[in-house]
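> Predicted model and sequence below, questions to follow.
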Amino acid sequence: MAVERGVPKIDLDPPKDWAQRVLDVGPYAAMGWNMRVRITSMAIAVLALTVSTLAQAETLELVAVADGFVGDGLDGADVDGRPDGVAENFGTRVAFLLAQGDQRAVMHFDVNSVKGLRVRKATLKLKIVHKETSQSTFLPIEVRGYNSIGALRLGDFYRGTFIKVFDGVAAPFDVPVLINVTDRVRSGLKSPSGMIGFTLRTNANGTVTFGSLEDGLVVAPRLVIQTE
């Protein structure tokens, strides 16, 4: 600022380094704008990916391709721990009675349609249609799973690895029995046959019969698979 005759004089001329200041500020301003564009683009990309992922997630309900029970002591045979026969038209029955022997429910599912998808959760869904449990206050029903060929066989009597135990006495009629079988389904998807079997058995006196294919699709065993 210059002073002439005691009056301040304002210098309106731009500083000599004005051009350099503009050059110095310009790139930062441009960079800030560019960063905002990039952040916005990234947000849109993430949103699009989320929508795409949600669109691909679905819930599949597979009905059993075969069900029934395998029994020890059928038709008057000795109860000796070895299966005597396969019953495909008498429901998926779990029983352990001196008069009926040891009957183990069996059901098979075809999961080939799920191959190539990521399974978030898989649930075995069963509906009870009959009970005779007055002999026991607690009826432990053990659920076992295995890779199968999709048909009932005598060997299903022994097969499977442990999944869960639930109480057949406490299980209600009006609410389906839901059993988490996620790990078993994930493992079964690696099987060449694409078939998964489940066996239910007990060692307490009583009978629990679940809905089966001959009872209609409404009560037939189902495998509910949620993908991601």
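Now that the structure is in, tell me what you want to look at. Just so it is clear, the model here is predicted, and its values are computed rather than measured. Numbers count the residues shown, from 1 in each chain.
> which non-adjacent residue is nearest residue 131?
residue 208 (5.4 Å; Cβ to Cβ, 6 or more residues apart in numbering). Quick note: C-beta positions are derived from backbone N, CA and C, even for glycine.
> and the gap between that neighbour and residue 172?
12 Å (Cβ to Cβ, to the nearest Å).
> who has more neighbours, those two?
Set residue 208 next to residue 172 and count neighbours by other Cβ atoms under 10 Å: residue 208 wins out with 25 against 8.
> what's the longest strand in this structure?
In the chain, with assignment by DSSP state E, the single longest strand is strand 101-110.
> Can you pull the residues that touch both of residue 208 and residue 172?
residue 128 (Cβ atoms under 8 Å, 6 or more residues apart in numbering).
> Pop out the phi and psi values for the residue nearest to residue 218 when sequence neighbours are not counted.
For residue 218, ignoring the flanking residues on the chain, the nearest one in space by Cβ to Cβ, 6+ apart is residue 211 at 7.6 Å. Per-residue torsions, residue 211: phi -60, psi 150 (degrees, to the nearest 10).
> if we can go back for a sec, just to check, the residue nearest to residue 131 is in contact with residue 133?
Yes: using Cβ atoms under 8 Å, residue 208 is in contact with residue 133, at 7.0 Å.
> who touches both of these two?
139, 168.
> Could you chop this protein up by domain?
Domain segmentation of the chain under automatic domain parsing yields 1-56, 59-227.
> quick one: average confidence on stretch 77-87?
The average pLDDT for stretch 77-87 rounds to 92.
> Centre of the chain to that stretch, how far?
On the basis of Cα atoms, centre = their mean, to the nearest Å, stretch 77-87 is displaced by 34 Å from the centre of the chain it belongs to.
> and that stretch, which residues are buried?
79, 83, 84, 86, 87 (16 or more other Cβ atoms under 10 Å).
> Deepest in the core, which of the domains of the chain is it.
domain 59-227 (a mean of 18; mean count of other Cβ atoms under 10 Å).
> I figured residue 112 was touching residue 194, is that so?
Yes: counting by Cβ under 8 Å, residue 112 does reach residue 194; the two are 3.5 Å apart.
> quick one: the helices in this structure?
18-56, 182-188 (DSSP state H).
> returning to that earlier point: for the longest strand of the chain, which strands pair with it and how are they oriented?
strand 66-72 (antiparallel), strand 92-97 (antiparallel), strand 195-201 (antiparallel) (DSSP bridges).
> CA atoms of stretch 172-189 as PDB?
This file holds the C-alpha atoms of stretch 172-189, laid out as PDB (Å, rounded to 0.1, in the frame of the first residue of the first chain):
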ATOM      1  CA  PRO A 172     -46.300 -79.800  18.500                       C
ATOM      2  CA  PHE A 173     -48.700 -80.800  15.700                       C
ATOM      3  CA  ASP A 174     -49.600 -77.300  14.500                       C
ATOM      4  CA  VAL A 175     -46.000 -76.000  14.100                       C
ATOM      5  CA  PRO A 176     -43.500 -77.700  11.800                       C
ATOM      6  CA  VAL A 177     -40.300 -79.200  13.300                       C
ATOM      7  CA  LEU A 178     -37.400 -77.100  11.900                       C
ATOM      8  CA  ILE A 179     -33.900 -78.600  11.900                       C
ATOM      9  CA  ASN A 180     -30.800 -76.700  10.800                       C
ATOM     10  CA  VAL A 181     -29.000 -78.900   8.300                       C
ATOM     11  CA  THR A 182     -26.900 -76.200   6.600                       C
ATOM     12  CA  ASP A 183     -23.500 -78.000   7.000                       C
ATOM     13  CA  ARG A 184     -25.000 -81.200   5.700                       C
ATOM     14  CA  VAL A 185     -26.400 -79.500   2.600                       C
ATOM     15  CA  ARG A 186     -23.200 -77.700   1.800                       C
ATOM     16  CA  SER A 187     -21.300 -81.000   2.000                       C
ATOM     17  CA  GLY A 188     -23.900 -82.800  -0.100                       C
ATOM     18  CA  LEU A 189     -23.600 -80.200  -2.900                       C
END
